[in-house]
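# Fold the following for me, if possible:
(chains A and B)
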Number of protein chains: 2
Amino acid sequence: MTRIKDIANKLGISISTVSKGLNGANDISEELRQMVLDTAVEMGYTTKKMKKEAHKKLCIFIENMDYKSPEHFGYDIVLGFKQAAYRDNWDIDILPITPSFQQKEKYDTYMLKKGYFGAFLVGFALQDEWIAQLENTGIATVLFDNYIKQNPNVAYIGTDSFEGIDAAIDHLVSLNHKKIAFLNGSLHSMITEHRQQAFYDSMTAHHLPIMKGMVANGYYVAESASYFVSSFLSKGATAIVCGNDLIAYGVMKECQALGFRVPEDVSVIGFDDLPWSTEISPPLTTIRQERIELGKCGYAALHSLINHVSISKMLLRPQFILRESTATKKVPILK
Amino acid sequence: MTRIKDIANKLGISISTVSKGLNGANDISEELRQMVLDTAVEMGYTTKKMKKEAHKKLCIFIENMDYKSPEHFGYDIVLGFKQAAYRDNWDIDILPITPSFQQKEKYDTYMLKKGYFGAFLVGFALQDEWIAQLENTGIATVLFDNYIKQNPNVAYIGTDSFEGIDAAIDHLVSLNHKKIAFLNGSLHSMITEHRQQAFYDSMTAHHLPIMKGMVANGYYVAESASYFVSSFLSKGATAIVCGNDLIAYGVMKECQALGFRVPEDVSVIGFDDLPWSTEISPPLTTIRQERIELGKCGYAALHSLINHVSISKMLLRPQFILRESTATKKVPILK
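Numbering: from 1, shown residues only, chains lettered A, B, ... in the order given. Model prediction:
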């Protein structure tokens, strides 16, 4: 169990300062107080005061996504949501969920039965049963990376894929690459569709041809690479943009296995900026999603919906992160 | 000058309750306290406490838009922004602005000189000097209905035009209309472009042809109608969707002047739901923008940017408002 001392150690401040932060004393700054509270939430510490008012419940449903440790994509999203929601004294339940559970239980009845005021849905697929039910739900619901038309009770939050992919292409064009391939993630995902469209839009805007066989859909896992990379390279690709960091990791390994150097022979760009992307070789150039902020946006949108403000979409800017997996296109040496 | 008594009268509550609300007493509900504060802001009343901490300044720049009285489009947007910002003790300056002023003063220098932490820009056109400068600004800036690519210091807030126009076409199709014209507003506006694209997308999704000469750009004023309505009608239009309520008002007048009845002969739909749209004859079917909420979103986005959360877009759902300017398409009687 986390003690006040652990929070003090983590932040490098005194126990009495932590205690002041937790109890809302006036003689520390608002910024420090917030940092103490955020860290307390992060470390699983709850004060009596936090518990006292927590009769109100929200939930986060998670599907198809790892979130239990900090290197997983979902971890910071859940954390950011909790940090923001605890400030307003909500109780939060985290509920991993399966397609078969969705077949068995209706979304609205489940929410009412459990007494949840609203939900944040993370990692759902377009064909999920509950996604179809959300078209008519009366319950405040925020979707990460999914969009429901017309229903004023449902909002979509995420990172702007169009800006992200465009920044990747901008970068590759500045390095003289022209034959750019795109290895995207799974079909049946709105985000896959957005990133694919973004690739077409950005290539067109940069006056680059989209060559046959240079765009493919794998899955959002590293193993996708083995099916497509050799074909991309045989068609002359000098750069490969990937649907996420896991795919990019697989692509780098596959290039190296085929005797191509990254970045000297092939440039590779990921998407997400997962914690391990600095630690692989070479460190990955990627498009960062601010996951803590995404979680906070998720709560902000849900808070708005509960207060009858019909947020439709809330998107964050992605951030282009330059590391070492991209380089200027090699000029062929004439023999 | 507004007195506590005026607020009490407006809300139909006692002076002591207003006083409790203004002073943050514990024995009234949070909802009531918020309503008192919002009404105080609306009526121009400020307490000493509100003033005391108000050393922080934001501004709203307004161009091309009336905002000084409640029937103007900008009025509630400014009010919503102020209501939300005053809760965080910001001072707000409202600054009407011209293109020539923008030629004279650089945006960033003006903001720094005046000590503003951030700005909300309402009613700017794509070709405005400051819009170009925003691509590189370091100052937290929120645009109503305009979008700047890539800059993490700038956010776009507005109402989703695509959903709004789609709801209008849905409605007309349910009333059997097929020959639908679209009289849009001024060129050189992002919103005009969105609504035009939305019209094409929605007509295509409904398998309806977009007939030649049935889409036109006027200006966002009633007088636009006289140039286009007779041509639409001569081509057989039975319904006219308009870029805003002012255009719709002009279209209804013009139809009537040409001897066509609204809605019996021609259905007309506006966009915005301005306060007078219930009072014209017939009352206008329209797409409502929640303007108070837009103002609040503007502040929420600016608050995020100031705290280095890079909001890119925040969109509200529009609301379809059914009144009497639309009706089932007349079936021609064979003679």
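# Get me the contact residues on the stretch 151-300 of chain A for chain B.
A:152, A:160, A:163, A:166, A:167, A:290, A:293, A:296, A:297, A:300 (CB under 8 Å from any CB of the partner chain). For glycine as for every other residue, the C-beta is placed from the backbone atoms N, C-alpha and C.
# Counting neighbours, what do you get for the closest residue in space to the first one that isn't next to it in sequence?
Think residue A:152. For residue A:152, ignoring the flanking residues on the chain, the nearest one in space by CB to CB, 6 or more residues apart in numbering or on different chains is residue A:310 at 4.0 Å. Residues contacting residue A:310 under the criterion other CB atoms under 10 Å in any protein chain shown number 20.
# got the contact list for residue A:310?
Residues near residue A:310 by CB atoms under 8 Å, 6 or more residues apart in numbering or on different chains: A:152, A:153, A:155, A:304, B:290, B:293, B:316, B:317, B:319.
# For whichever strand or helix holds the fourth one, buried residues please.
Assessed by DSSP states H and E, residue A:304 sits inside helix A:291-306. By neighbour count with 16 or more other CB atoms under 10 Å in any protein chain shown, helix A:291-306 contains the buried residues A:291-306.
# How about stretch A:148-155?
Quick answer for stretch A:148-155 (16+ other CB under 10 Å): A:148, A:150, A:151, A:152, A:153, A:154, A:155.
# For it, give me every contacting residue.
Against stretch A:148-155 from outside (CB under 8 Å, 6+ apart): A:131, A:134-143, A:156, A:301-302, A:304-305, A:310-314, B:163, B:166-167, B:317, B:319.
# for stretch A:209-222, same thing?
A:179-187, A:192, A:196, A:199-200, A:203-204, A:224-225, A:227-228, A:231-232, A:235, A:237, A:243-244, A:246-247, A:249-250, A:253.
# And for stretch A:123-139?
With CB under 8 Å, 6+ apart, stretch A:123-139 has contacts from A:61-65, A:74, A:99, A:102-103, A:106-108, A:111-112, A:116, A:118-119, A:121, A:141, A:143-146, A:148-151, A:153-154, A:188-190.
# and it, C-alpha only, in CSV?
Presented in CSV, the C-alpha positions along stretch A:123-139 are these (Å, rounded to 0.1, in the frame of the first residue of the first chain):
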residue,chain,number,x,y,z
GLY,A,123,-10.1,0.0,-27.9
PHE,A,124,-13.5,-1.0,-29.4
ALA,A,125,-13.8,-2.1,-33.0
LEU,A,126,-16.3,-0.8,-35.6
GLN,A,127,-18.2,-4.2,-35.7
ASP,A,128,-18.6,-4.4,-31.9
GLU,A,129,-22.2,-4.9,-30.7
TRP,A,130,-22.0,-2.0,-28.3
ILE,A,131,-20.8,0.4,-31.0
ALA,A,132,-24.0,-0.3,-32.9
GLN,A,133,-26.1,0.2,-29.7
LEU,A,134,-24.4,3.6,-29.1
GLU,A,135,-26.3,5.2,-31.9
ASN,A,136,-29.3,5.4,-29.6
THR,A,137,-27.9,5.4,-26.1
GLY,A,138,-29.2,7.9,-23.6
ILE,A,139,-26.1,7.5,-21.4
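# on that earlier part again, give me the subset of the contacts of stretch A:148-155 lying in helices.
Among the contacts of stretch A:148-155, DSSP state H puts A:131, A:301, A:302, A:304, A:305, B:163, B:166, B:167 in helices.
# can you count the residues close to the closest residue in space to residue A:305 that isn't next to it in sequence?
Nearest non-adjacent residue to residue A:305, counting by CB to CB, 6+ apart: residue A:140, 3.8 Å away. Applying other CB under 10 Å, we find 25 residues neighbouring residue A:140.
# wait, doesn't residue A:140 sit right on residue A:120?
No: Residue A:140 is beyond contact range of residue A:120, at 9.8 Å (criterion: CB atoms under 8 Å).
# so what sits against both of the two?
Common neighbours of residue A:140 and residue A:120 (CB under 8 Å, 6+ apart) are residue A:302.
# residues in contact with residue A:163?
A:317, A:318, B:149, B:150, B:312.
# How much space separates residue A:113 from residue A:139?
According to CB to CB, to the nearest Å, residue A:113 and residue A:139 sit 12 Å apart.
# Looking at these two, which has the bigger crowd around it?
residue A:139 (18 against 10).
# for the residue nearest to residue A:258 when sequence neighbours are not counted, helix, strand, or coil?
Leaving aside its chain neighbours, residue A:258 sits nearest to residue A:230 (5.9 Å; criterion: CB to CB, 6+ apart). Under the three-state scheme (DSSP: H, G, I helix; E, B strand; the rest coil), residue A:230 adopts helix.
# dump the residue contacts of the closest residue to residue A:226 other than its chain neighbours.
Nearest residue to residue A:226, sequence neighbours excluded (CB to CB, 6+ apart): residue A:254, at 5.7 Å. Residue A:254 sits next to A:225, A:226, A:229, A:230 when contact means CB under 8 Å, 6+ apart.
# wait, is the first one part of a helix?
Going back to what we said before, that points to residue A:225. Yes: the assignment for residue A:225 is a helix, going by three-state DSSP.
# if you go through the stretch 1-150 of chain A in chain order, where are the strands?
Remark: strands assigned in the stretch 1-150 of chain A by DSSP state E, counting those that start in this stretch are A:56-62, A:90-96, A:118-122, A:140-144.
# so which of those gets nearest residue A:40?
Residue A:40 lies closest, by CB to CB, to one member of these: strand A:90-96, at 14.2 Å.
# That closest one to helix A:291-306, inter-axis angle?
Using axes from the mean of the first three to the mean of the last three CA atoms, to 10 degrees, the inter-axis angle of strand A:90-96 relative to helix A:291-306 is 110 degrees.
# partners of strand A:90-96 in the sheet?
Next to strand A:90-96 in the sheet, as set by DSSP bridges, lie strand A:56-62 (parallel).
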